[in-house]
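K.L.:
predicted structure and sequence below. I'll ask about it afterward.
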Amino acid sequence: MPPSPKTPELSKIKVSPRGANRLKSGHVWVYRSDILSADNVAPGSVVAVADQRGKPLGTALYSSSSQIAIRLISHDPVPDLSALLRSRIAGAIAYREKIVRDTDAYRVIFSEADFLPGLIVDRYNDILSLQILTQAMDANLVRETVISQLTQQLNPASMIERVDPRVRELETLPARTSGLLDGEKTATTFTMNGVQFHYDALEGQKTGAFLDQRENYAAAAQYAKGDALDVFCYQGGFALHLARVCDQVTGVDSSRPALEVADQNAALNQAALGQKEIGWIEANAFDLLKDYAASNRRYDTVVLDPPAFAKSKRDLDAALRGYKELNLRALKMLRPGGILVTCSCSYHVNQASFLEMLSSSALDARRNLRLIEVRGQSKDHPVLLNVPETAYLKCVIASVS
Ligand code: SAH
């Protein structure tokens with residue numbers, strides 16, 4: 001009998017013992033240096049993975065250019081990729097239905113952590129924002145399946161693709177611009193923990209907002225008080241939450257466009273904020289903290305949420321020095337009993353090194369720190385235990401005396 005059209009013969013890839021061990025330990029990546037044979041394997045294809053002796057290890061998506069040559073999608077054979085994608089998407093949505101609270105903005109699909117490596121989908125109220133990060137996820141058939149399943153289940157007003165040209169270049173994919181995939185709506189408002197935000201799908205950074213901090217905003221607001229300073233405030237995520245509980249809030253960022261949106265977000269929440277006004281300062285945070293610390297400014301709450309300082313392992317030392325400088329200055333500015341909310345979104349700075357940096361900052365500043373909460377990313381950005389790269393955000397809330 002001829003094979004059915006749904007079960008084409010997959011290309012085979014053999015991996016080294018080190019690559020095989022990595023997969024057996026629960027990771028889903030194999031680096032190019034651990035590929036033994038990948039002859040005539042088309043970029044972005046679905047491949048059958050085997051160890052050196054030919055023993056099957058599962059099914060993976062192949063990239064011909066990334067250092068991460070394969071990303072496992074199943075421990076079993078995959079006769080029908082579209083069916084697998086549909087069920088994975090349904091699984092990701094069902095997971096969010098259980099764990100997401102108090103918002104209409106959250107990550108619907110988080111790549112490896114949802115067993116859909118190379119695909120990110122964020123929901124902002126009635127708009128979905130997609131990011132495609134690998135050759136395999138860029139294939140037309142995959143795109144069609146993803147769009148149709150998301151439409152069927154979530155029925156958004158529109159879907160937008162956010163393109164990072166650098167990613168496409170690394171994956172040797174043809175250039176593409178960010179834009180609508182479906183529908184016409186490109187802007188909306190969304191709500192997190194009762195705070196409202198503007199969303200413009202084709203502006204801003206990342207996919208528009210930092211959804212991974214959503215639960216940390218609510219946590220910070222539980223302890224924040226008095227005069228608050230939100231450093232690296234972007235569009236006001238922390239500042240707007242703090243404004244509901246603090247006497248005075250100032251947000252600092254070096255990006256004027258981000259601060260303009262922050263101010264519009266404040267206006268959107270005016271009813272809840274009453275007479276309270278949030279001050280926005282456009283400045284380099286390092287310079288501003290240095291000046292403020294030198295001129296004896298004092299705060300009751302300081303939030304530090306800088307961009308990722310360590311983009312690779314090589315940057316680790318410099319990154320830790322950057323975090324230390326910021327934290328040291330913030331600690332010096334906090335009144336006794338003050339609250340420090342300090343974050344790092346660098347995967348390469350793990351929780352242990354972040355806490356060590358904080359402890360050394362506290363010693364240098366001669367302050368005592370009591371850890372109130374040591375937190376990570378919001379639950380809609382799940383951490384897959386055997387894939388450490390899925391855990392990247394640290395958010396420490398501490399009482400300073
Ligand atoms: N706390 C924000 C996210 C911060 S993202 C939120 O929850 O939404 C990091 C921000 O740091 C960006 O808005 C970027 O413009 C800003 N930034 C980067 N370098 C800076 C610097 N040297 N000084 C001040 N802001 C900076």
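P.N.:
The structure has been received and is ready for your questions. Keep in mind it's a predicted model, so treat the numbers as computed, not measured.

K.L.:
and the next element down the chain from the least confident helix or strand in the chain by mean pLDDT?
P.N.:
One helix or strand of the chain scores below all others by mean pLDDT, DSSP states H and E: helix 270-273, with a mean of 90. Next helix or strand after helix 270-273 toward the C-terminus (DSSP states H and E): strand 278-282.

K.L.:
going by neighbour count, list what's buried in that following strand.
P.N.:
Of all the residues in strand 278-282, those buried under the rule 16 or more other Cβ atoms under 10 Å are 278, 280. C-beta coordinates here come from the backbone N, C-alpha and C atoms, glycine included.

K.L.:
quick one: strands adjacent to that strand?
P.N.:
Strand 278-282 has the following strand partners under DSSP bridges: strand 248-253 (parallel).

K.L.:
contacting residues around the strand it pairs with?
P.N.:
Contacts with strand 248-253, where a contact means Cβ atoms under 8 Å, 6 or more residues apart in numbering, come from 226-234, 236, 238-239, 242-243, 259, 262, 276, 278-283, 285, 288.

K.L.:
which of the residues you listed count as buried?
P.N.:
Here, 16+ other Cβ under 10 Å leaves 226-234, 236, 238-239, 242-243, 259, 262, 278, 280, 285, 288 buried among those.

K.L.:
need the longest strand for the chain.
P.N.:
strand 334-344 (DSSP state E).

K.L.:
neighbours of the residue in the chain that the ligand sits nearest to, how many?
P.N.:
Closest residue of the chain to the ligand, Cβ to the nearest ligand atom: G237 (2.9 Å). Counted with other Cβ atoms under 10 Å, residues neighbouring G237 total 27.

K.L.:
so what's the residue nearest to the spatial centre of the chain up against?
P.N.:
The chain has D212 as the residue nearest its centroid, 5.6 Å off, counting by Cα atoms, centre = their mean. By Cβ under 8 Å, 6+ apart, the contact set of D212 is 107, 345, 377-378, 381, 393.

K.L.:
regarding the spatially closest residue to it that is not a sequence neighbour, what is its secondary structure?
P.N.:
Computed as Cβ to Cβ, 6 or more residues apart in numbering, the closest residue to D212 that is not its neighbour in sequence is Q377, at 4.2 Å. Secondary structure, DSSP: H, G, I helix; E, B strand; the rest coil: Q377 is coil.

K.L.:
isn't Q377 up against Q351?
P.N.:
No. In this structure Q377 lies outside contact range of Q351 using Cβ atoms under 8 Å: 11.8 Å.

K.L.:
so for those two, which sits in the more crowded spot?
P.N.:
A direct count of neighbours by other Cβ under 10 Å for Q377 and Q351 places Q377 higher, at 25 against 15.

K.L.:
contact residues of the stretch 201-350 of the chain facing the ligand?
P.N.:
Within the stretch 201-350 of the chain, the positions near the ligand by Cβ under 6 Å from any ligand atom are 210, 213, 232-235, 237-238, 253-255, 258, 284-286, 305-307.

K.L.:
would R71 count as being in a helix?
P.N.:
No. Under three-state DSSP, R71 sits outside any helix and is assigned strand.

K.L.:
ok, it - how many residues close by?
P.N.:
25.

K.L.:
same deal with I89?
P.N.:
Per other Cβ under 10 Å, the neighbour tally for I89 reads 24.

K.L.:
now D263
P.N.:
Count around D263 with other Cβ under 10 Å applied: 17.
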